Each structure stands twice: as structure tokens, then as C-alpha cells.
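Enquirer: Below: sequence and its predicted model.
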Amino acid sequence: MISKVGVIGAGSMGTAVAQSISRRVGEVIVFGRRQEIVDSINTDNCNKRYFPGLRLNPNIHARLMGDRQGLADCEAVIIAVPSSEVRFIVNATHDELTGKFLVTVAKGLEYPSLKTMSEIIRDETGNPDIACFSGPTFADEVAYGHIAGATIGAGGDPSLRATISNLFGEFILDFSDDIRAVELCGVLKNVYAIGTGMWDSVYGNHNEHYTFLNMCYKEMCIFLRAISRDKGIFTKFCCFGDFNLTANVDKSRNRTLGLMVGKKIVKTPYLESGVTFEGSRSVKGIIELAENHSIDMPIARFVYDVLSGNNNVRESVDGVIRKAP
Ligand SMILES: NC(=O)c1ccc[n+]([C@@H]2O[C@H](COP(=O)([O-])OP(=O)(O)OC[C@H]3O[C@@H](n4cnc5c(N)ncnc54)[C@H](O)[C@@H]3O)[C@@H](O)[C@H]2O)c1
Ligand SMILES: O=P(O)(O)OC[C@H](O)CO
């Protein structure tokens, strides 16, 4: 039984995961980079920046990222920062992370390496015990204890799977030993959430929405069929569940980005907005990854072209439905 768990990232998902697992372990230490967040968690049992109305469990404490001893004392560490930060952080905390159970909840693809988060973590730490957690899990709903399903991607080691399952025992879990495929589901669903937002910014009827949604899911499944060893991945939480949650619900940052770009409310500098739009960072990599497998992804290319400012949604949206698989 793990008694002390570290969570790197004091943002929405880091705080939500900390709240969930704190009911199952002795202590959770959240590592953040803002003193005011660390203070608010330690003084008021509350992350005032992300969940001002949520009372955090008393066994959740916070430390600044530089507290190496604090991290070294943790038996398992969950990495809950934006994918663009994962390599930097894991490289900087290499000594403290080596030899521990590590779980990534980040949904992104490194460019130009095309590596997933678990692959980056393995690069930097050499740890064999790495798992990913991915599914229809809006952080605010997780934080408030609502039911959520998720897929644990982990290699075949039964003790790793048992340890991670216990940590995330508040969730309804399914499992895959193809960790890369699980992670790529999280990358793909963000891209199609942006695309569905773009589509819905032009077409507002139900038939139009679900016609496009089906085309997105078909393109996603063609890709997964080519790369996934897990032939059951299509019905797992990381795939069907998270694809639908993110593409259909306006709470999704990725879907909202697509809507805003489609309605010309934002232009490219949105990346500097500080909001974690994971799909916009990974779309180019997923297209290249597909090309490496001789797979064409017209909808992903549509998303990339519009985000790159090459054309606008109204001009290209009809064309994409004729090219979609
Ligand atoms: N928010 C959700 O609903 C949700 C659900 C599942 C998975 N995720 C994934 O979790 C990851 C984190 O996203 P989020 O939603 O929590 O983002 P967020 O923007 O809410 O929080 C990110 C946090 O990481 C911190 N951070 C960034 N760089 C850092 C660094 N170098 N050192 C320490 N802290 C750093 C930021 O200060 C911020 O507090 C993403 O890959 C996202 O896709 C998010
Ligand atoms: O807000 P989004 O679009 O990053 O989605 C958050 C989670 O990935 C949903 O599972």
C-alpha cells in the first residue's frame, strides 16, 4: 500500500487527481510553481486559483517544484502538467523520479520526436514502472467526486497494474497493455474536439453535428487499427468515452478553441493565452505519425490548416467532408 504520493502540477487536473487519490493514501503532496497556490492549499485546504469553492482533503499538502526532498519521499508520482512541459520537468527531477511508480495524465505528443508522454518519461528516467491514465475525466467533475471512467495504460506487470488501480480506485477503470495506443487516443480526441468545434461553428443542426462526429471517429479508428496492439481499444474509456466527452461538450477547452477559431473570435496567438489547448500542439505530430504509417487524415489536416491560418473554416469545411474516410 502506497502511503505518500506526489502530484506534479497544481493546476486543474493535478488538483483533481490529488483530491481523488487522497481518499486512498496517507498523504498527497502537490508540487506547484506558484507560491500563492502552495500557500492556499497549505493554509486554506483550497486551490483558490483553480477550484476556489472546493475544500481539499486535509491530507493534501503542497510544495514548490524545487523541493527535491519532498519529491524524493514520495513512493509514486503523478505527472499532471501540460505535455509541452513534461520533458523539461522529468529531466529536472530525474534523480527524484528514478525507481518510482510514475503515472502520466498528460495528453499530448512531443514534436518533432512524435513521442508520447510515457516514452518521454522512460527516456529521461529509465523507469520500467510507468503507466498512463486517460479517459472522459473533466477535472472539475473529478475534483467534486463525480463518477468517471478511465483507462490505465500499463505494461504487463501485474504489480504495477495493481498499484495504479488502487491509487485510482475511485474511478471505473479499464486496462490496456498498449500504453502508447492509450496515450494516442488522448492525443487524437483533442484534435477531433477542435475539428468538431470548428464544424459546429458553421453547421448547427443535430444531423450535421453527428455526421461529422462519426467521420472523425472513423478517421480516428482507422489510425488506431493501424497502430494499436490492443484490438479492444475502440470501446475503452480512453477512446470512445473521451472522444465523445471532448468533442460534444462545450466545457472542453479543445472543442471551445475550435468554436472560437471557427467564429473568428480568436486568432493564432491563443497559444500564448495560458490556457492548456493540448490539441493545437499535437495536431501536426499526429498527421506526421499517420503519414509514417501511410495513413491520410483529412480531418486532422483540416484542423491543422485552419489553426495554421492557411484557410478559414467556411472555405474548407465542405471540402473536408468529401475527403473524410
Ligand atoms: N483539465 C482536465 O479536465 C484534464 C483532464 C484529463 C487530463 N488532462 C491533461 O492534464 C494535463 C494538464 O492539464 P490541466 O488541465 O491540469 O492544465 P492546467 O492549465 O489547468 O494546469 C497546468 C498546471 O501545470 C503547471 N505547470 C506548467 N508548467 C510547469 C512547470 N514547468 N513546473 C510546474 N508546474 C507547471 C501550471 O502552472 C498549471 O498550474 C494536460 O495534458 C491535459 O490534457 C486535463
Ligand atoms: O478541456 P480539454 O479539451 O483539454 O479536455 C479535458 C480532458 O482531456 C477531458 O477528458
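Expert: Everything's here; your move. Ligands and ions are numbered 1, 2, ... in the order given.

Enquirer: When you work out contacts or count neighbours from here on, use the C-alpha atoms and nothing else.
Expert: Fine.

Enquirer: Could you check the pLDDT of the closest residue to R34 other than its chain neighbours?
Expert: Counting by Cα to Cα, 6 or more residues apart in numbering, L64 is the residue found nearest to R34 once chain neighbours are left out, at 7.1 Å. What the model reports as pLDDT for L64 is 96.

Enquirer: is it true that L64 touches E36?
Expert: No: L64 is not in contact with E36 according to Cα atoms under 8 Å; the separation is 10.0 Å.

Enquirer: These two: which is more packed in?
Expert: Applying other Cα atoms under 10 Å to L64 and E36 shows that L64 carries more neighbours, namely 20 against 13.

Enquirer: show me the contacts for the residue positioned nearest the centre of the chain.
Expert: The chain has K107 as the residue nearest its centroid, 2.8 Å off, counting by Cα atoms, centre = their mean. Contacts of K107 were listed using Cα atoms under 8 Å, 6 or more residues apart in numbering, and they are P82, S83, M117, S134, E183, L184, G186, V187, E278.

Enquirer: With just CA atoms, put whichever helix or strand G197 is part of into CSV.
Expert: Here G197, judged by DSSP states H and E, is contained in helix 179-202. Written as CSV, here are the backbone C-alpha positions of helix 179-202 (Å, rounded to 0.1, in the frame of the first residue of the first chain):
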residue,chain,number,x,y,z
ILE,A,179,0.3,2.3,-23.3
ARG,A,180,1.2,4.1,-26.5
ALA,A,181,-2.2,3.4,-28.0
VAL,A,182,-4.0,4.7,-24.9
GLU,A,183,-1.9,7.8,-25.0
LEU,A,184,-2.5,8.4,-28.7
CYS,A,185,-6.3,8.1,-28.0
GLY,A,186,-5.9,11.1,-25.7
VAL,A,187,-4.0,13.0,-28.4
LEU,A,188,-6.4,12.2,-31.2
LYS,A,189,-9.6,13.0,-29.3
ASN,A,190,-8.3,16.5,-28.6
VAL,A,191,-7.7,17.1,-32.3
TYR,A,192,-11.2,15.9,-33.2
ALA,A,193,-12.7,18.1,-30.5
ILE,A,194,-11.1,21.1,-32.1
GLY,A,195,-12.4,19.9,-35.5
THR,A,196,-15.9,19.3,-34.2
GLY,A,197,-15.9,22.8,-32.7
MET,A,198,-14.8,24.3,-36.0
TRP,A,199,-17.5,22.3,-37.8
ASP,A,200,-20.2,23.3,-35.3
SER,A,201,-19.2,26.9,-35.8
VAL,A,202,-20.6,26.6,-39.3
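
Enquirer: ok, and does it reach over to ligand 1?
Expert: No: Helix 179-202 is not in contact with ligand 1 by Cα under 6 Å from any ligand atom; minimum separation 7.8 Å.

Enquirer: try stretch 123-136
Expert: No: judged by Cα under 6 Å from any ligand atom, stretch 123-136 and ligand 1 are separated, with a smallest distance of 6.6 Å.

Enquirer: how long is that stretch from one end to the other?
Expert: 28 Å (Cα to Cα, to the nearest Å).

Enquirer: For it, what does the pLDDT average out to?
Expert: Rounded mean pLDDT across stretch 123-136 is 94.
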